[in-house]
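Visitor: Below is the sequence, then the predicted model.
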Amino acid sequence: MASVMLSSEAQAMVVSGQVRVVDGDTIDIGGERVRLEGIDTPEQSQTCPRRGSGTWHCGRKATKALKKLINGQSVLCQGQERGKYGRLIATCFVNDKNINAQMVRDGYAWAFVKCSTSYVDEERIARRKRIGIWSGQRAEPPWRYRSRRWGRAQQVSPKGCAIKGNISRSGGKIYHTPWSPWYDEVIIDKNHGERWFCSEGEAKAQGWRAAQSQ
């Protein structure tokens, strides 16, 4: 059972408990979605160059790496702010090990310097060892991957609104971003109540939830 939202004078927010791993940099603790601060991992649909030739599914591997780090144990996350979609931005620990830092150190995440310089030293270590995302030719950072996928999807979407709102067989309202693993397979049927959204915020505000990554 999760312990949620303890506040201090510094407005720190703490959540702890058993988790569900959403992807390489996002977890759920109870009803709280947590984005790991200072890192950005490959998207689930993303591949990275192998050393020599070929590619590997670095997005899926990053998710598996985070699951392995946590290994069913209780996680403690400490955050100071929420992102624009309401997720707690936090540093998370398993048995006092900083899993944000470890994901970067093991080569499964970039230091997300646009938002934080917390893990530039860990990235330097992974680069030097040429492990994970650094093992082959330079991998495309996920923020560029998302931007490229968004731009391509906008060109063929109604009014440039590139997010697909799909209704599942059970009636669930699920939205897919252009970097979702199933985005290309989803066909919008307006007669079934499905629709396009211009932003994740718009989709969430109207009661749709993000597609699960696994």
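Guide: Alright, I've got the coordinates.
Visitor: any idea how far D96 is from L76?
Guide: For D96, the distance to L76 (Cβ to Cβ, to the nearest Å) stands at 9 Å. In this view, the C-beta of every residue, glycine as well, is placed from N, C-alpha and C.
Visitor: G59 now?
Guide: Shown here: G59 relative to L76, a distance of 26 Å by Cβ to Cβ.
Visitor: One more: G132?
Guide: For G132, the distance to L76 (Cβ to Cβ) stands at 25 Å.
Visitor: More neighbours: which of those two?
Guide: Neighbour comparison, G132 and L76: the larger count goes to G132, with 25 against 17 (by other Cβ atoms under 10 Å).
Visitor: Find the nearest non-adjacent residue to the more buried one, please.
Guide: Leaving aside its sequence neighbours, G132 sits nearest to G107 (Cβ to Cβ, 6 or more residues apart in numbering; 2.1 Å).
Visitor: count of neighbours near that neighbour?
Guide: Look at G107: counted by other Cβ under 10 Å, it has 25 neighbours.
Visitor: For my notes, confirm it occurs in a helix.
Guide: No - assessed with DSSP: H, G, I helix; E, B strand; the rest coil, G107 is coil; it does not lie in a helix.
Visitor: Report the helix or strand with the lowest average pLDDT across the protein.
Guide: The weakest-scoring helix or strand in the chain, judged by mean pLDDT, DSSP states H and E, is strand 3-7 (a mean of 46).
Visitor: what's the closest non-adjacent residue to R51?
Guide: In space, and not counting its chain neighbours, R51 is closest to G136: 4.6 Å by Cβ to Cβ, 6+ apart.
Visitor: I figured that neighbour hits C48, correct?
Guide: Yes - between G136 and C48 a contact is recorded at 6.6 Å, counting by Cβ atoms under 8 Å.
Visitor: Buried residues, stretch 47-58. List them.
Guide: By neighbour count on 16 or more other Cβ atoms under 10 Å, the buried set for stretch 47-58 is T47, C48, P49, W56, H57, C58.
Visitor: So D121 lies in a helix, does it not?
Guide: Yes - counting by three-state DSSP, D121 is part of a helix.
Visitor: how many other residues sit next to it?
Guide: Burial of D121 is recorded as 12 neighbouring residues (other Cβ under 10 Å).
Visitor: Per-residue pLDDT of it, please?
Guide: D121 is assigned 98 on the pLDDT scale.
Visitor: Can you spell out the domain ranges of the protein, please?
Guide: 3-140, 144-210 (automatic domain parsing).
Visitor: which one of those domains is the most hemmed in?
Guide: domain 3-140 (a mean of 18; mean count of other Cβ atoms under 10 Å).
Visitor: So the residue nearest to G132 sits against A126, correct?
Guide: Yes - with contacts counted by Cβ under 8 Å, G107 reaches A126, the gap being 4.2 Å.
Visitor: any common contacting residues for the two?
Guide: Common neighbours of G107 and A126 (criterion: Cβ atoms under 8 Å, 6 or more residues apart in numbering): G132, I133, W134.
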